[in-house]
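**Student:** Kindly return the folded structure for what I paste below:
(2 chains)
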Amino acid sequence: MEELKDKGMNSNSQYMRFVVDFHNMMVDKKITLAYEGEVTQEITKAFTSMTERNLEKVEENGKIKKKVYHVMVECLQNISKHADDESETASNNLDEGLAKTGLFLIGSDHNEYFITSGNGIANENIPALKEMIDNINSLNQDELKQLHKEKMRETAISEKGGAGLGFIDIARKTGNPLEYHFEPIDEKNSFFLLKTSINKNTAE
Amino acid sequence: MEALIIKKTEDTPAIHLDKAAGIFEFSGKSLPEDVTSFYGPVFDWITAYGEDANESSKFVFKMTYFNTASSKIILDILMRLETLHEDGKNISVEWHYEEDDEDMQEAGEEYADIVEVPFTFVED
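**Tutor:** As a prediction, this is how the structure comes out:
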């Protein structure tokens, strides 16, 4: 009995220590939103309106606010549309509403806002995604504009309701390269991380 | 023909398409999950309108935000209007953007560049 109680106390204090560390890390990295779970349209709406209000409070410049909003929507809708999620709760069905598990973080430092999204991806889909992002990162603003125009004319809305324009648009709006990482999970799957930066000082 | 009036929501725009009143307007935000189903009635309405369009019609866009999927749909709508224009209907587009919203202004300019319909720009 005594032992059990000690164990409980111990794991409880370990947990509290973890929360304190977690909180310190969030404060340190100025993470204003951290989420791991199902990403749906309801979540997208809730997070974007919450962030809009937060940015309003710090009196962020209107142009930057719009860019943050824009990148958030594209990243969150990318997860719900494109994540490879085989779990039972996942939904690829537009009529029922899309739902995919993902990770979403917003942080900032003195110069930039960081928006990071993460989701599962089948390893076989990595090369095409990597090639697409590398290509976007290699283009200057004029070339991105041209690519955007071509894609917009050529592509049709997919079954999942996407236009295939998200990454191009993020790169155009932020003017910064898309940073990514693929973390191996097992033989078949990896976790895809995408980090986007939005400059605070220059709206361009 | 019957007007198509859709009230705005948190993630979809207000749409007012009314032949009798001569009002053709899209305003607000557009980021629905399923753009195809949301805009389906708009395409149906424009197709029907093309059968018996007014002498001239000005389509007004007062969008404050749209996601990339909606940007593609808006191009499809504008291309539909272009077809009407080519068929001899007098169609024009008035593209509004909020003060200093260069991204929205540029989006309009890019559409104007792609479709052969007269555009005018208004900074609100």
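**Student:** Could I get the pLDDT score of the residue most central in space within chain A?
**Tutor:** Closest residue to the average C-alpha location of chain A: residue A:117 at 2.2 Å, with Cα atoms, centre = their mean. Listed pLDDT for residue A:117 reads 95.
**Student:** check contacts around the closest residue to it other than its chain neighbours.
**Tutor:** Nearest residue to residue A:117 in three dimensions, chain neighbours excluded: residue A:75, at 4.1 Å (Cβ to Cβ, 6 or more residues apart in numbering or on different chains). (Glycine included, C-beta is placed from N, CA and C.) By Cβ atoms under 8 Å, 6 or more residues apart in numbering or on different chains, residue A:75 lies in contact with A:104, A:115, A:117, A:166, A:170, A:194, A:196.
**Student:** rerun at 10 Å
**Tutor:** Residues in contact with residue A:75 (Cβ atoms under 10 Å, 6 or more residues apart in numbering or on different chains) are A:39, A:44, A:47, A:102, A:104-106, A:115-119, A:166-167, A:170, A:194-196.
**Student:** Also residue A:173?
**Tutor:** By Cβ under 10 Å, 6+ apart, the residues touching residue A:173 are A:63, A:66-68, A:70-71, A:74, A:144, A:196, A:198, B:103.
**Student:** quick one: the helix or strand harbouring it to chain centroid distance?
**Tutor:** Per DSSP states H and E, residue A:173 falls inside helix A:166-174. Taking Cα atoms, centre = their mean, to the nearest Å, one finds the center of helix A:166-174 at 13 Å from the center of the full chain.
**Student:** can you tell me the average pLDDT over it?
**Tutor:** Average pLDDT, helix A:166-174: 94.
**Student:** following the least confident helix or strand in chain A by mean pLDDT, which helix or strand comes up?
**Tutor:** Using mean pLDDT, DSSP states H and E, helix A:2-28 stands out as the lowest-scoring helix or strand of chain A, at a mean of 80. Downstream of helix A:2-28, the first helix or strand assigned by DSSP H and E is strand A:33-39.
**Student:** In CSV, list the C-alpha atoms belonging to that next one.
**Tutor:** These are the backbone C-alpha positions of strand A:33-39, laid out as CSV (Å, rounded to 0.1, in the frame of the first residue of the first chain):
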residue,chain,number,x,y,z
LEU,A,33,-0.7,27.0,-30.4
ALA,A,34,0.3,23.3,-30.3
TYR,A,35,-2.0,20.6,-31.5
GLU,A,36,-1.8,16.9,-32.1
GLY,A,37,-5.0,15.2,-33.2
GLU,A,38,-7.7,15.0,-35.8
VAL,A,39,-7.6,17.9,-38.3
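**Student:** picking that back up, tell me the contacts of the residue nearest to the centre of chain A?
**Tutor:** Going by Cβ under 10 Å, 6+ apart, the list of residues near residue A:117 reads A:35, A:39, A:71-72, A:74-76, A:78-79, A:83, A:102-106, A:192-196.
**Student:** Enumerate the residues of chain B near chain A.
**Tutor:** B:9-11, B:29, B:31-39, B:64-76, B:79, B:98-104, B:106, B:110-111, B:113-114 (Cβ under 10 Å from any Cβ of the partner chain).
**Student:** Among those, name the buried ones.
**Tutor:** The neighbour count (16 or more other Cβ atoms under 10 Å in any protein chain shown) marks B:11, B:29, B:31-36, B:38-39, B:64-76, B:101, B:103-104, B:110-111 as buried among the residues of chain B next to chain A.
**Student:** just checking, what packs against the longest helix anywhere in chain B?
**Tutor:** Secondary structure assigned by DSSP state H gives helix B:68-86 as the longest helix of chain B. Identification of packing neighbours for helix B:68-86 by 3 or more Cβ pairs under 10 Å, 6 or more residues apart in numbering or on different chains; DSSP states H and E yields helix A:62-82, helix A:141-154, helix A:166-174, strand B:23-30, helix B:35-51, strand B:56-66, strand B:90-97, helix B:102-114.
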